[in-house]
Every structure is written in C-alpha cells, then in structure tokens.
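**Q** fold the following for me, if possible:
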Amino acid sequence: MQKIDERMLDELSASARQNPRLRLNRNLHADYGEPCQRLLNAVEPGTYIRPHRHLTPPKPECFVAVRGRTALVVFDDEGGIEQILPLEPGGALVGVDLPPGAWHAIVALMPGTVFFETKPGPYVPLNDKDFAPWAPPEGSTGAAAYLRSLEEAVRARLEAKECAL
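**A** Prediction:
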C-alpha cells in the first residue's frame, strides 16, 4: 500500500521545481508491465508537454487534479485548440477521462500543481505516444515560443471564460 499525503506531494513538487524539465512523476505501479499505469505528476509553470495522443495502441487516459491548477488542452488534427479544460481540486472541473486518439497537452497554471494520471499498460516508451507533427519537439529552438503561445491562449480563454466545462 502506498499512502499519498501532503509530505509526498510537497517532496514531489520540490523535486519537479529542481528538474530542468520542471516536471516529475511518481509511479504508483510497481513496474511498467502492469496492466494499469497509475502515477502522480508534479508540473510547474514553464514545463513543456508536447501535444501528443495515444493511438498506437489506442489508450484512454484519466487526469484528476490533486493540488494547484492545470489545463488540459485538446487539439484537432491540424493543431487548432478544440477545448481548454481547467482542472483544480474543488473547482468546477476536477478531472477528465480522455478517449484514445485525442491530441492533448497539459499546461501548468500554478506552482506546486500535481495531478493523478492513469492509463492502460503496459508502458512501452518507444510507442507510448504519437507526438503531434505540428508541435515542436521538446528542447528544440521553437519549443519555448510554442509553449508561450499555448500558455497565452489558455490564459486568454480562461479570462474570457471561454473554456469548456
């Protein structure tokens, strides 16, 4: 049994802040071969999670906000934003169960944000994600500018209250 407490969340968030990628996950499953992958993701503002989908093989994902605030961004096949779903504990929307094949990314909106994620296993790094061809790879010269534009779009829609709930 693993207990998820404030100390664990604090340590995970502190480690994410120190990570060059500004994010860190803590697996709750024992190994990548398990049929159900369960993890906590600590994400800090400025982390770039390249838009992707889980199509080959098709896998749904479930996200539930544990602390802080994040937005799940869902895209169409050309990279246009279809939906922005703000997730926060005690908010209007605390979680989303995303169907297989949906293009998506996570944008961290507050320091110390942690969300719970689950998806079918096994986890095979070579084919876990289909990265969006219209989004720059992590670490590339265009990634920072793309992330800024994505964050601006999210904040603008949040301020205009144009987010799907």
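**Q** show me the longest helix that occurs in this protein.
**A** Using DSSP state H, we find that the single longest helix of the chain is helix 143-159.
**Q** name the helices or strands packed onto that helix?
**A** The contact analysis (3 or more Cβ pairs under 8 Å, 6 or more residues apart in numbering; DSSP states H and E) places helix 143-159 against strand 70-75, strand 81-87, strand 103-108. All C-beta spots, glycine's among them, are computed from the backbone N, C-alpha and C.
**Q** quick one: the strands in the chain?
**A** For the chain, the strands defined by DSSP state E cover 23-27, 36-43, 52-53, 61-67, 70-75, 81-87, 95-98, 103-108, 113-120, 130-131.
**Q** out of these, which is closest to residue 144?
**A** Proximity to residue 144 (Cβ to Cβ) singles out strand 103-108 among those, at 13.7 Å.
**Q** now the longest helix of the chain against strand 81-87, angle please.
**A** 70 degrees (axes from the mean of the first three to the mean of the last three Cα atoms, to 10 degrees).
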